[in-house]
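J.: okay, predicted coordinates and the sequence, questions at the end:
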Amino acid sequence: MKLKHKLSLFNIISKLLLVVILWIAFPYIVKKVIYNNADKNLLEKKEKFTNNLDSKEIKDFLLTKDSTEEYVSFSTLHDEFIVLEVSPNQKKINRNVFFNDKRKIENQESEYRILQHNFTYNKVNYQLEIGSNIKDINELVELLHYNILFTFLGVAFFTFFIDLSYVSYLLKPFYKIVETKIKLINEPEKFIHIPIDNTTSEFKELDTALNQMMYRINELFLKEKQFIGNVSHELLTPISILKNRLENLIQNQSLNDNAVDKVSDSLQTLDLMKKVIANLLLISRIDNKQYQINEVIDFDKIISELIENLEDRIQEKHLVITKNILHQVHFAGNQTLIKILLSNLLTNAIKYNNYKGSIVIRDEIINHKYYLTISDSGLGMSTEQASQIFNRFSRIHFDQEGQGIGLAIVNSIAQLHQIEIQVASEINQGTNFTLIFPYPKNLIKS
């Protein structure tokens, strides 16, 4: 997952968590505010009522001998009421209590916020209740509760897309660094050293560090390629001299059979060294891009020629080879190098195959790319072994002849032509080498 998506995901999760918390806390907070305001109004009405206890109506009630009689007053719309009665508790009390309760007035029941006040007047204890209808308030709070949820959700998602756009804008220089520089670390000669235009100090430091690092890597990379090329080239001359001297020596009639055998072994060793050096020199030239890649490659023709050239080896193992080339596709590259690449893969398919085994060469076009696969039914490899086969001098099967450099050449040629190689193998089940060619960029379909 990309960094901007992780940041945006965290952003939306945190916002949704905040929305849930606010939605849960909203009714409590709103009711707390409303009830505080209602309690304040009830206290004001209580003060106003108790200050007017000397009014004629209340005096008539207070002078009544029947202590059970009560004074009741309520508004026409039943939105508030006042009840005054003699308190059964004759102890001296002076306190206010607030609570919610349902009261029935004129056969109409509603929920009220009630102030209950106990006080003493003329040595008699009274209980005063003043109520304010909160049914409409509760319905309003419930309505607001759900409306605020949708409002919060809308705000959360709106800000999410704004944040995503802003994060994408902030990370644009970073992704540009990744696309134009980090992905080219394995190809120092293609690395772009031009600084990326951005205003973020951290990205500037990253860009500068990458440029400095790649200058150093490119320098070492060029020195390595030059060293390998120079050493390989210089070694060919003394080897050729030694080989000529040994060939002249072997023609000496005075040598016994034992000496002739040793000289012959030395010649074979020199031939092997010469072949290894020639391959290293080939890799060096490929890495230095000393080959033109503007020739038209006919895969069907090259594969047919290779099969014909390797017919002796194929018959020696009694292999069954199937060529199933369905697409007449021509590739723009270097014919010599492509022939070496296919020859090395086909030779390995023969070398590491079982007696009376099979080789299948097939092609297909998937998602505008050309796939060429060489499959064998041979010894196969483990996943760990398959990950090392393109390393120079890496040998998987030591009981087979070879220097472990053929697939390194294949890899260098593939990189030069921007060909992707996929390897699928299983021990004792065979190996599939798939070459993926860019299509139609470097391909011409006839």
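T.: Happy to help now that I have it.
J.: which other helices and strands contact the longest strand seen in the chain?
T.: Longest strand of the chain, by residue count under DSSP state E: strand 108-121. Applying 3 or more Cβ pairs under 8 Å, 6 or more residues apart in numbering; DSSP states H and E, we find strand 108-121 packed against helix 3-51, strand 95-105, strand 124-133, helix 135-180. Every residue, glycine included, has its C-beta placed from N, CA and C.
J.: if we use 6 Å, what do you get?
T.: helix 3-51, strand 95-105, strand 124-133 (3 or more Cβ pairs under 6 Å, 6 or more residues apart in numbering; DSSP states H and E).
J.: which of the ones you listed sits most buried?
T.: strand 124-133 (a mean of 20; mean count of other Cβ atoms under 10 Å).
J.: please state the offset of it from the chain centre?
T.: Relative to the centre of its chain, strand 124-133 is centred 68 Å away, using Cα atoms, centre = their mean, to the nearest Å.
J.: out of the helices and strands packed on strand 108-121, nearest to residue 205?
T.: For residue 205, the closest of the helices and strands packed on strand 108-121 is helix 3-51, at 16.8 Å, according to Cβ to Cβ.
J.: any idea which element residue 360 lies in?
T.: Under the criterion DSSP states H and E, the helix or strand holding residue 360 is strand 358-366.
J.: and that strand, which residues are buried?
T.: 358-361, 363, 365 (16 or more other Cβ atoms under 10 Å).
J.: now swap in stretch 208-227 and tell me
T.: Neighbour counts using 16+ other Cβ under 10 Å place 210-211, 214, 218, 225 of stretch 208-227 among the buried residues.
J.: and the buried residues of strand 358-366, which is closest to residue 298?
T.: residue 363 (12.4 Å).
J.: contacting residues around that closest one?
T.: With contact set as Cβ atoms under 6 Å, 6 or more residues apart in numbering, residue 363 has these partners: 325, 327, 372.
J.: ok, and the closest non-adjacent residue to it?
T.: Using Cβ to Cβ, 6 or more residues apart in numbering and skipping the chain neighbours, the partner closest in space to residue 363 is residue 372 (4.9 Å).
J.: could you check how far the host helix or strand of the one you found is from the centre of its chain?
T.: Under the criterion of DSSP H and E, residue 372 resides in strand 369-376. Here strand 369-376 is found 29 Å from its chain centre; the criterion is Cα atoms, centre = their mean.
J.: cool, stretch 329-344 as well?
T.: The answer for stretch 329-344 is 36 Å, by Cα atoms, centre = their mean.
J.: in that stretch, what counts as buried?
T.: Across stretch 329-344, burial judged by 16+ other Cβ under 10 Å covers 329-335, 337-344.
J.: ok, back up a step: buried residues, whichever helix or strand comes after the strand holding residue 372. List them.
T.: Going down the chain from strand 369-376, the next helix or strand is helix 383-386, by DSSP H and E. Neighbour counts using 16+ other Cβ under 10 Å place 385-386 of helix 383-386 among the buried residues.
J.: for helix 383-386, packing partners?
T.: Secondary elements touching helix 383-386 (3+ Cβ pairs under 6 Å, 6+ apart): none.
J.: give me the residues contacting the helix or strand residue 338 falls within.
T.: Element membership for residue 338, per DSSP H and E: helix 335-351. For helix 335-351, the external contacting residues (Cβ under 6 Å, 6+ apart) are 291, 295, 297, 302, 306, 313, 359, 374, 376, 400, 406, 410, 413, 433.
J.: strands - which of those residues land there?
T.: 295, 297, 359, 374, 376, 433.
J.: quote the end-to-end distance of stretch 285-292.
T.: Terminal residues of stretch 285-292 lie 11 Å apart, using Cα to Cα, to the nearest Å.
J.: that stretch - what's its average pLDDT?
T.: Mean pLDDT, computed over stretch 285-292, is 77.
J.: and if you look at stretch 324-331?
T.: Mean predicted lDDT for stretch 324-331 stands at 83.
J.: tell me the contacts of residue 145?
T.: Residues near residue 145 by Cβ under 6 Å, 6+ apart: 26-27.
J.: and the pLDDT for it?
T.: Among the per-residue scores, residue 145 holds a pLDDT of 72.
J.: do the one 5 residues further on as well
T.: At residue 150 the predicted local confidence, pLDDT, stands at 78.
J.: what is the burial count for it?
T.: Other residues lying near residue 150 total 9 when counted by other Cβ atoms under 10 Å.
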